[in-house]
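# got a structure for you, letters missing:
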Ligand code: GLU
């Protein structure tokens with residue numbers, strides 16, 4: 001590698017779906033590598049497949065990258081706006097004999113394929129049109145015969161790739177058939193466009209999934225024929241599910257934005273993805289700056305990575321704990337807004353969040369957990385009956401009286417109230433706190449009594465205790 005060259009990487013999705021987790025990892029690695037080397041990270045939308053590319057998908061990719069904070073330095077560039085460049089390259093290849101027009105119809109090709117297959121052979125285009133004389137070609141073209149353009153793959157050539165992750169990989173030229181690089185309708189195909197773009201955009205490192213490794217042999221042939229400098233290739237192993245099977249929806253192969261909807265923070269997803277195929281000793285938690293400094297291709301794994309929701313949850317919990325309660329509160333609020341729960345008061349929400357940051361794994365679970373503060377839930381009668389009885393009622397009554405006298409119900413004040421009642425009845429905290437918690441919440445699972453009292457404040461707390469004592473007064 002010429003080290004004086006500015007590093008340029010790119011993320012080049014085809015907009016035929018959302019930005020999924022594997023694509024996001026590819027984008028992240030390209031982003032980090034460029035940042036680490038003060039280089040340029042390009043976003044290029046490979047939208048030449050007009051039938052399958054959609055505007056929604058382009059938007060989904062851009063939204064996903066924005067959410068993850070993977071801002072491109074250049075782009076988005078669109079391949080559909082660059083057809084002139086591709087046609088120029090095709091013409092150049094035809095002029096120098098590295099590509100040729102092919103007039104065989106789809107029917108001709110299908111028949112040949114069937115014959116090859118019935119003989120138990122793999123199909124390889126037989127080069128009928130390669131062998132046409134230049135007069136024959138000219139005549140057909142002048143007569144307007146439809147044709148595609150094929151790249152001529154030298155049989156004698158061995159194509160060798162020095163991949164940064166896979167090591168040396170090679171294929172014999174005769175294993176590759178003559179690829180269509182321009183369709184009959186004039187549309188250029190992927191292996192040509194990607195080479196023209198990577199070369200003309202000065203891409204120095206092509207980092208992508210290893211599902212493209214086979215294409216790379218084709219691309220290397222084209223780099224050579226077009227006399228472009230080869231970039232460095234780095235092909236990342238696939239991401240698998242926990243059961244070592246190809247990643248499916250069940251395993252986490254969802255759109256990046258689905259992770260937002262599940263309540264993950266973008267920094268947790270980014271941190272999770274960076275470790276999904278790369279390691280820096282045994283460090284698990286990275287700030288973005290740490291990732292940029294530490295990231296390299298040498299420590300990318302050669303083995304497939306397994307997606308693990310537990311680990312993602314653990315990281316998410318870590319980042320929730322570290323976050324400002326105001327930020328988490330506003331994310332919780334987004335979940336409530338979806339349910340039409342707009343009336344939650346800000347102060348109460350921030351307080352409730354700050355008391356519960358430690359416990360949360362996702363924002364969605366946190367929102368569900370905190371809902372009790374803002375919505376009156378039907379009490380679970382069985383739980384209430386079990387906890388509010390002749391033994392506990394006097395304790396709850398005393399807590400009520402002491403709270404009524406107290407000012408400024410913060411943690412310490414609440415604790416002092418409970419201490420007093422515990423001493424009076426000679427019981428441990430749980431014996432008082434749990435019945436009070438049930439009296440307040442009516443639920444088997446809820447935030448603790450201290451938290452409920454602190455968030456609800458005196459008036460609401462007393463009202464709830466009173467109503468419970470009266471309702472369950474036998
Ligand atoms: N457009 C290709 C895809 O989405 C990726 C091309 C590349 O990275 O070379 O699979």
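Looks like it came in fine. Computed from a predicted structure; not experimentally measured.
# where along the stretch 51-200 of the chain do the helices fall?
55-68, 83-95, 106-118, 134-142, 190-200 (DSSP state H, counting those that start in this stretch).
# for the ligand, give me its nearest residue in the stretch 201-350 of the chain.
Closest to the ligand within the stretch 201-350 of the chain is residue 208: 3.8 Å, counting by Cβ to the nearest ligand atom. All C-beta atoms are positioned from the backbone trio N, CA, C, and that covers glycine.
# flag the shaky bits of this structure, pLDDT-wise.
Scanning the chain for pLDDT under 70 picks out the ranges 1-3, 249, 251-253, 342-344, 472-474.
# try it again with 50
Along the chain, segments meeting pLDDT under 50 span 1-2.
# up against the ligand, what does it have?
Residues of the chain lying close to the ligand (Cβ under 6 Å from any ligand atom) are 12, 13, 14, 46, 194, 208, 212.
# now render these as JSON lines, adding neighbour count.
Below are the residues of the chain next to the ligand laid out as JSON lines (neighbours: other Cβ atoms under 10 Å):
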{"residue": "12", "neighbour count": "26"}
{"residue": "13", "neighbour count": "25"}
{"residue": "14", "neighbour count": "17"}
{"residue": "46", "neighbour count": "19"}
{"residue": "194", "neighbour count": "26"}
{"residue": "208", "neighbour count": "24"}
{"residue": "212", "neighbour count": "18"}
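# please flag which of those sit within helices.
Among these, the ones falling in helices (DSSP state H) are residue 194.
# and of the residues of the chain next to the ligand, the nearest to residue 367?
Closest approach to residue 367 among the residues of the chain next to the ligand (Cβ to Cβ): residue 13, at 31.2 Å.
# returning to what we had before: closest one of the residues of the chain next to the ligand to residue 321?
Distance to residue 321, by Cβ to Cβ, is smallest for residue 13 among the residues of the chain next to the ligand, at 33.0 Å.
# follow-up on the earlier one: how about the residues of the chain next to the ligand in a markdown table, adding distance to residue 230?
Output for the residues of the chain next to the ligand, formatted as a markdown table (distance: Cβ to Cβ, whole Å):
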| residue | distance to residue 230 |
| --- | --- |
| 12 | 17 |
| 13 | 23 |
| 14 | 23 |
| 46 | 20 |
| 194 | 13 |
| 208 | 15 |
| 212 | 15 |
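# now, which of the residues of the chain next to the ligand sits nearest residue 400?
Among these, and counting by Cβ to Cβ, the member closest to residue 400 is residue 13, at 60.9 Å.
# any idea how far the longest helix that the chain contains is from the chain center?
Looking across the chain with DSSP H, the single longest helix is helix 449-471. Per Cα atoms, centre = their mean, to the nearest Å, the displacement of helix 449-471 from the mean C-alpha position of its chain is 43 Å.
# let me see the contact set for the residue nearest to residue 28 when sequence neighbours are not counted.
Leaving aside its sequence neighbours, residue 28 sits nearest to residue 273 (Cβ to Cβ, 6 or more residues apart in numbering; 5.3 Å). Residues near residue 273 by Cβ atoms under 8 Å, 6 or more residues apart in numbering: 21, 24, 25, 28.
# distance of residue 273 from residue 96?
42 Å (Cβ to Cβ, to the nearest Å).
# report the contact partners of residue 355.
Residue 355 sits next to 447, 451, 454, 455 when contact means Cβ under 8 Å, 6+ apart.
# can you name the residue of the stretch 351-474 of the chain nearest the ligand?
residue 362 (28.9 Å).
# count the neighbours of that residue for me.
By the criterion of other Cβ atoms under 10 Å, residue 362 has 20 neighbours.
# now do the SS call for the closest residue to it other than its chain neighbours.
Computed as Cβ to Cβ, 6+ apart, the closest residue to residue 362 that is not its neighbour in sequence is residue 263, at 3.2 Å. Assigned by DSSP: H, G, I helix; E, B strand; the rest coil, the conformation of residue 263 is coil.
# quick one, helices of the stretch 201-350 of the chain?
Per DSSP H, counting those that start in this stretch, the stretch 201-350 of the chain carries helices over the ranges 213-225, 256-261, 266-275, 288-294, 309-322, 325-338, 346-356.
# point out the most buried one among the ones you listed.
Of all the helices of the stretch 201-350 of the chain, helix 266-275 has the most neighbours on average by mean count of other Cβ atoms under 10 Å, namely a mean of 22.
# ok, back up a step: list the contacts for the residue of the stretch 351-474 of the chain closest to the ligand?
By Cβ under 8 Å, 6+ apart, the residues touching residue 362 are 262, 263, 264, 313, 316.
# and what of residue 400?
Contacts of residue 400 (Cβ under 8 Å, 6+ apart): 462, 465, 466, 469.
# if we can go back for a sec, now the residue nearest to residue 362: how far from residue 397?
According to Cβ to Cβ, residue 263 stands 39 Å off from residue 397.
# which of the two has more neighbours?
With neighbours defined as other Cβ under 10 Å, residue 263 and residue 397 compare such that residue 263 has more, 23 against 14.
# that one contacts residue 363, doesn't it?
Yes. Applying Cβ atoms under 8 Å as the test, residue 263 and residue 363 come out as touching, 3.7 Å apart.
# what touches both of those two?
Here residue 263 and residue 363 have 331, 335 as joint contacts, going by Cβ under 8 Å, 6+ apart.
# which parts of stretch 356-370 are buried?
356, 357, 360, 361, 362, 363, 364, 365, 366, 367, 369, 370 (16 or more other Cβ atoms under 10 Å).
# so of those residues, which ones are in helices?
Cross-referencing the buried residues of stretch 356-370 against helices under DSSP H gives 356, 363, 364, 365, 366, 367, 369, 370.
# which of those sits closest to residue 203?
Of all those, residue 363 has the smallest distance to residue 203: 36.9 Å, by Cβ to Cβ.
# show the contacting residues for the closest one.
263, 264, 265, 320, 328, 331, 332, 335.
# so how far is residue 369 from it?
Residue 363 is 10 Å from residue 369, by Cβ to Cβ.
# what residues does stretch 26-34 touch?
Outside stretch 26-34, the residues that touch it by Cβ under 8 Å, 6+ apart are 7-11, 13, 19, 39-41, 65, 68, 70, 73, 205, 207-209, 236, 270, 273-274, 277-278, 291-292, 295-297, 300.
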